[in-house]
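Chemist: Structure for this input, please:
(one chain, ligands or ions: 1)
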Amino acid sequence: MALWGGRFSGESSVLFKQFNDSLPVDYRLVEQDIRGSVAWAAALVSVGVLTENEGLALKAALAELQLEVAQAPEIILRSGAEDIHSFVEQALIAKVGDLGKKLHTGRSRNDQVATDLKLWCKDKGMVLSALVTEACQALVALAQREQTSVMPGYTHLQRAQPVTFAHWALAYVEMLERDASRLTDAMTRLNTCPLGSGALAGTAYAIDRHALAASLAFAAPTLNSLDGVSDRDHVVELCATASISMMHLSRMAEDLIFFNSGEAGFIELADEVTSGSSLMPQKKNPDALELIRGKTGRVYGALTGILTTMKALPLAYNKDMQEDKEGLFDVMDTWQLCLEMTVLVLSGLKVKPQQTLAAAQQGYANATELADYLVAKGIPFRQAHHIVGEVVLQAIANNQPIEAMSLAQLQQFAVQIEDDVYQVLTIESCLNKRDVLGGTAPARVAAAIAQKQALMTSAD
Ligand code: ARG
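Modeler: Model (predicted):
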């Protein structure tokens, strides 16, 4: 039976019931709904609506229900209830009879669902926060393993300047750290309790909402009942945070898919995260990474979905908002899965240092060094850039690297070039020169790794 039958003389159509019911999605809020109900029962005791004994009986019945749904979650969907709030109330009434019917005094499903969802966001947010940190740790461990592997750094997907593989890995640590900080921000902002806002105007019972919020481990109560029941900013913020993080994961996935390609051949992915082709026996496909890249789309889709659902909604609660959960649940599950998969991929990833080095040595990645060398010999940079362009053109025509040209050949382009140029053109010199904060010089990268490790141990 629906919670609201009294005013109606006719039955809902089967199609309407199916359309309107949210249990197939919001069953996931059962634990939060029970927790919220325990807190609300205590609040009703505090204002004398329930006696101490009634409060205790409700608390015990709710605890029993929690155990039952943990053991047999299928009873929720089998109930055919309209939504999770109706399920909990019906189950309670089945246990304690009329007392169960008192629990909804002064409460609305509007403040109830807003509270449940925020509790869920807090729970899931903690899981995600730990996972983002785990992914950072996996990247730092990879950086630690691959400090001496040199590879080409790219711009426009053209070999630009050599970098270490560790430097590449640490770039993604920076991105994930920003994701972690965005998540922390969102979690701080959503940490307010709507319970006690009633349907829209505030509950008619003199509940101490500070105490109520604290009993549910919220930092504070919400301060306006209209906003309290209809605010879904946290859903938008979590979807946005996940979208940005998925954007980072998709970039990492794309880099690795390219590194894994036959053309680059920089890395070997573990068998446990790759699959074969049903037709071509030689193939080892980077499916895990392609799925991370691909799943980014549905996360962006959910962000657009919730923003569009909320656009121009009048105050306060509207049933449109029931559409908030499906996307959010999928976003958070997908983000979680992709982070877990990222950790697995990174921990089994092997770099092929000879291949990465060979690629770094091709493509004239040391051309900038020659320009800087000429600058040190007194040639203005713009002119030096032009001269080196000509050198590279000649080297391409000869099909050889710059450093394979003889001194006499090089001096045809600039008489200032001397024998010391060859040292400058080495990969080691290219790397060591980038000895600036944030640069790829091995000493800087080692310091960055140490700093990340220290931060991570102090956070433990
Ligand atoms: N299932 C609803 C939701 O998720 C609960 C709130 C229902 N409120 C109402 N006034 N019908 O939004």
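Chemist: contacts and neighbour counts: CA atoms only from here.
Modeler: OK.
Chemist: now stretch 423-432: mean pLDDT?
Modeler: Mean per-residue pLDDT for stretch 423-432: 95.
Chemist: tell me which residues of it are tucked away?
Modeler: Neighbour counts over stretch 423-432 (16 or more other CA atoms under 10 Å) mark 424-425, 427, 430-431 as buried.
Chemist: Downstream of the lengthiest helix in the chain, the next helix or strand is which one?
Modeler: When the chain is parsed with DSSP state H, its longest helix is helix 109-145. Using DSSP states H and E, the helix or strand that follows helix 109-145 in sequence is strand 150-155.
Chemist: ok, that next one: who's next to it in the sheet?
Modeler: Using DSSP bridges, the strands paired with strand 150-155 are strand 158-164 (antiparallel).
Chemist: Residues touching the partner strand, excluding its own?
Modeler: Strand 158-164 has contacts (CA atoms under 8 Å, 6 or more residues apart in numbering) with 146-154, 360, 363-366, 368, 427, 430-431, 440, 442.
Chemist: can you check stretch 381-390 too?
Modeler: Contact with stretch 381-390 is made by 367-368, 370-372, 374-375, 413-414, as judged by CA under 8 Å, 6+ apart.
Chemist: Same check on stretch 122-133?
Modeler: Residues from elsewhere that reach stretch 122-133 (CA under 8 Å, 6+ apart): 176-177, 179-180, 183-184, 187, 191, 332, 335-336, 339-340.
Chemist: Identify the farthest-apart pair in the residues you listed.
Modeler: Put simply, by CA to CA the two of the contacts of stretch 122-133 set farthest apart are Asn191 and Glu340, 25.8 Å from each other.
Chemist: Of the two, which one has the most company?
Modeler: Shown here are Asn191 and Glu340; by other CA atoms under 10 Å, Asn191 has more neighbours (20 against 16).
Chemist: one step back: any chance of the contacts of stretch 122-133 in JSON lines, plus pLDDT, secondary structure and distance to Gly294?
Modeler: Converted to JSON lines, the contacts of stretch 122-133 look like this (pLDDT from 0 to 100; DSSP: H, G, I helix; E, B strand; the rest coil; distance: CA to CA, whole Å):
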{"residue": "Leu176", "pLDDT": "98", "secondary structure": "helix", "distance to Gly294": "19"}
{"residue": "Glu177", "pLDDT": "98", "secondary structure": "helix", "distance to Gly294": "22"}
{"residue": "Asp179", "pLDDT": "98", "secondary structure": "helix", "distance to Gly294": "19"}
{"residue": "Ala180", "pLDDT": "98", "secondary structure": "helix", "distance to Gly294": "22"}
{"residue": "Leu183", "pLDDT": "98", "secondary structure": "helix", "distance to Gly294": "22"}
{"residue": "Thr184", "pLDDT": "98", "secondary structure": "helix", "distance to Gly294": "26"}
{"residue": "Met187", "pLDDT": "98", "secondary structure": "helix", "distance to Gly294": "27"}
{"residue": "Asn191", "pLDDT": "98", "secondary structure": "coil", "distance to Gly294": "32"}
{"residue": "Met332", "pLDDT": "99", "secondary structure": "helix", "distance to Gly294": "15"}
{"residue": "Trp335", "pLDDT": "99", "secondary structure": "helix", "distance to Gly294": "12"}
{"residue": "Gln336", "pLDDT": "98", "secondary structure": "helix", "distance to Gly294": "15"}
{"residue": "Leu339", "pLDDT": "98", "secondary structure": "helix", "distance to Gly294": "14"}
{"residue": "Glu340", "pLDDT": "98", "secondary structure": "helix", "distance to Gly294": "16"}
